[in-house]
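S.K.: predicted coordinates and the sequence they were generated for:
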Amino acid sequence: MSPEPSQLHALRQALERWQPLPDTAWTDLAALFSARAVEATEQLVTSGECTGRFFFVTEGLLRLYYLDREGREHNKAFTETGGFAGAMSAYAANLPSPFNVQALQPSRVLVAHWRDLEVAYDRHPSLERLGRRFAEWLLARKLERERAFLELDATGRYQAFVRAHPLLEDQLANYHIASYLGVTDVSLSRIRRKLRAINKG
């Protein structure tokens, strides 16, 4: 399905946070994306797949999650409207996706393939710079998540999550937030009660 002009406008705005794009580069890049509507709970990527697909969310909410050997789910990240999802580092190394991507709400996404993007890199230096800056942003986000687990307790991680994603707390089931924070549902409820009591006091 061809993207709507409003979807492409949102994509260009999101990308130009990192790198301004000449019209010729943007035209070639935009042509790589197709539009797709997905239902809540629909799986976009399954771990182990070598699809190379990555997504820009124009409306809705996705989650990235791992499955451990016992089949338990561990949320890695959430992608809101205006965000990107996909195993970019794995695709760059020609490896399968190590995690799953699933829609948590009815969503609209733009989809492209990593191999097509790499071809566009060779054609347009501005796109190659965009790719580098996007990779640097992904690395910084990964390091921040690691730092949170090493330096913050569960309450600190919850507070950091709420600051970073102020609209998600009311959209996500408790067990999704708990999984992302690395705590149980019971622990999350206890943290919230403690913080409410502090705020009232």
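M.R.: The structure has been received and is ready for your questions.
S.K.: how far away from the center of its chain is the least confident helix or strand in the chain by mean pLDDT?
M.R.: Least confident helix or strand of the chain, by mean pLDDT, DSSP states H and E, is helix 88-92 with a mean of 85. Averaging C-alpha positions (CA atoms, centre = their mean, to the nearest Å) puts helix 88-92 14 Å from its chain's average.
S.K.: okay, buried residues for it please.
M.R.: The neighbour-count check on helix 88-92 (16 or more other CB atoms under 10 Å) flags 88, 90, 91 as buried. Where you see a C-beta, it was placed from the backbone N, CA and C, and this is true even at glycine.
S.K.: now for the next helix or strand after that helix, which elements pack on it?
M.R.: Per DSSP states H and E, helix 88-92 leads on to strand 100-103 as the next helix or strand towards the C-terminus. If you count contacts as 3 or more CB pairs under 8 Å, 6 or more residues apart in numbering; DSSP states H and E, strand 100-103 packs onto strand 43-45, strand 61-67.
S.K.: from residue 83, how far off is residue 52?
M.R.: Distance, residue 52 to residue 83, by CB to CB, to the nearest Å: 19 Å.
S.K.: who has more neighbours out of the two?
M.R.: Neighbour count, other CB atoms under 10 Å: between residue 52 and residue 83, residue 52 has more, with 22 against 14.
S.K.: just checking, that one touches residue 115?
M.R.: Yes. Counting by CB atoms under 8 Å, residue 115 is a contact partner of residue 52 at 5.8 Å.
S.K.: quick one: contacts for residue 126?
M.R.: Residue 126 makes contacts with 19, 20, 21, 22, 25, as judged by CB atoms under 8 Å, 6 or more residues apart in numbering.
S.K.: so which of the residues you listed belong to helices?
M.R.: Among these, the members falling in helices (DSSP state H) are residue 25.
S.K.: tell me the buried residues in the longest helix belonging to the chain?
M.R.: Secondary structure assigned by DSSP H gives helix 125-151 as the longest helix of the chain. Going by neighbour count (16+ other CB under 10 Å), the buried part of helix 125-151 is 126, 127, 128, 129, 130, 131, 134, 148.
S.K.: quick one: the residues you listed as TSV, columns for pLDDT too.
M.R.: Converted to TSV, these look like this (pLDDT from 0 to 100):
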residue	pLDDT
126	96
127	95
128	94
129	95
130	95
131	91
134	91
148	91
